[in-house]
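# Sequence first, predicted coordinates after that:
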Amino acid sequence: MDLGLRDKVCLVTGSTRGIGLEIARQLREEGAVIVTSGRGDAGIGDLHVAADFVQPGEPERLVEATLAQFGRIDCLVNNVGWAEIHRFDELTEEIWDRSFQLNLMSAVRATRATLPGMRERQEGAIVNISSTAAKRPSAGMPEYSVMKAAMLSFSRLVADLYAKDGIRCNAVAPGPTATDAWLADGGLADQQGTRAEILAKVGAGRPLGRLALPEEIAAVAVFLCSERASYVTGAAWSADGGTVPIII
């Protein structure tokens, strides 16, 4: 199936590992021009920009670098994010603020910087990577859950405001995914107990009985970027193995 992404300029934030890296790979396989970003200096894109998205101004700098080289951004995927295990009563103002900057404002700033060009061309696709924790908050990741819920509201807001300009905006809400965030030393599994036991428990908590693979989440994001999703906007696509039920 041709997704209509050939030669589209696609900017993927937080794309040096995990879900973001897989999104960049799949977009590249579709023939898109890829811009990657992350704290490190190496990426797989036609352009890579090292950036620390906790810092105000960094998302805008990434967008400016993309526009300077390619002249436009057809697809923006806001994938930057990070979670740690915390109890609600131990969260400090600093932890809340860091999560706000990284998990929400990074997307707000990148989107705000990208919208003028998309509006001028009267087309564009934005995909925000949220979380299943946005729909059912995780007691172990309270600040992350709140920011990812705000991401869903932000996605709907952008969709409503800019549909008239030919811009689509959707969100993907993944469940726990087999990336370094969960699997690495000191990752979310290690923070909660014995890694193998925690991963088995988390996997068993999904109706499909396992963690997602990053390529499974990426496939949803790539579809939403594509012309095949030309009538999809304002949606929050669950890719969580059936974890959060639809309420009718």
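Everything's here; your move. Numbering: from 1, shown residues only.

# In the chain, spot the helix with the most residues.
helix 142-162 (DSSP state H).

# helices and strands around it, which ones?
Judged by 3 or more C-beta pairs under 8 Å, 6 or more residues apart in numbering; DSSP states H and E, the packing partners of helix 142-162 are helix 93-99, helix 106-121, strand 124-129, strand 167-174, strand 236-239. For the C-beta atoms, the positions are set from N, CA and C on the backbone; glycine is no exception.

# following the host helix or strand of residue 201, which helix or strand comes up?
Residue 201 belongs to helix 195-204 when assigned by DSSP states H and E. Per DSSP H and E, the first helix or strand lying C-terminal to helix 195-204 is helix 214-225.

# May I have that next one as CSV, with CA atoms only?
The C-alpha trace of helix 214-225 is given here as CSV (Å, rounded to 0.1, in the frame of the first residue of the first chain):
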residue,chain,number,x,y,z
PRO,A,214,8.0,-0.2,19.1
GLU,A,215,7.3,-1.0,15.4
GLU,A,216,3.6,-1.6,16.3
ILE,A,217,3.3,1.9,17.8
ALA,A,218,5.2,3.4,14.9
ALA,A,219,3.0,1.9,12.3
VAL,A,220,0.0,3.8,13.8
ALA,A,221,1.9,7.1,13.8
VAL,A,222,3.1,6.6,10.3
PHE,A,223,-0.4,5.9,9.1
LEU,A,224,-1.7,9.1,10.7
CYS,A,225,1.0,11.0,8.9
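
# Please point out which parts of it sit buried.
214, 216-225 (16 or more other C-beta atoms under 10 Å).

# domain parsing for the protein?
Per automatic domain parsing, the domain ranges recorded for the chain read 9-177+214-239, 178-211.

# could I get those domains as a markdown table with mean pLDDT and distance to residue 2?
Output for the domains of the chain, formatted as a markdown table (pLDDT from 0 to 100; distance: least, C-beta to C-beta, whole Å):
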| stretch | mean pLDDT | distance to residue 2 |
| --- | --- | --- |
| domain 9-177+214-239 | 96 | 8 |
| domain 178-211 | 83 | 29 |
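
# out of those domains, nearest to residue 3?
domain 9-177+214-239 (3.7 Å; C-beta to C-beta).

# end to end, how far does that closest one reach?
25 Å (C-alpha to C-alpha, to the nearest Å).

# just to revisit the earlier point, give me the buried positions along the longest helix of the chain.
In helix 142-162, counting by 16+ other C-beta under 10 Å, buried: 142-152, 154-156, 158-159, 162.
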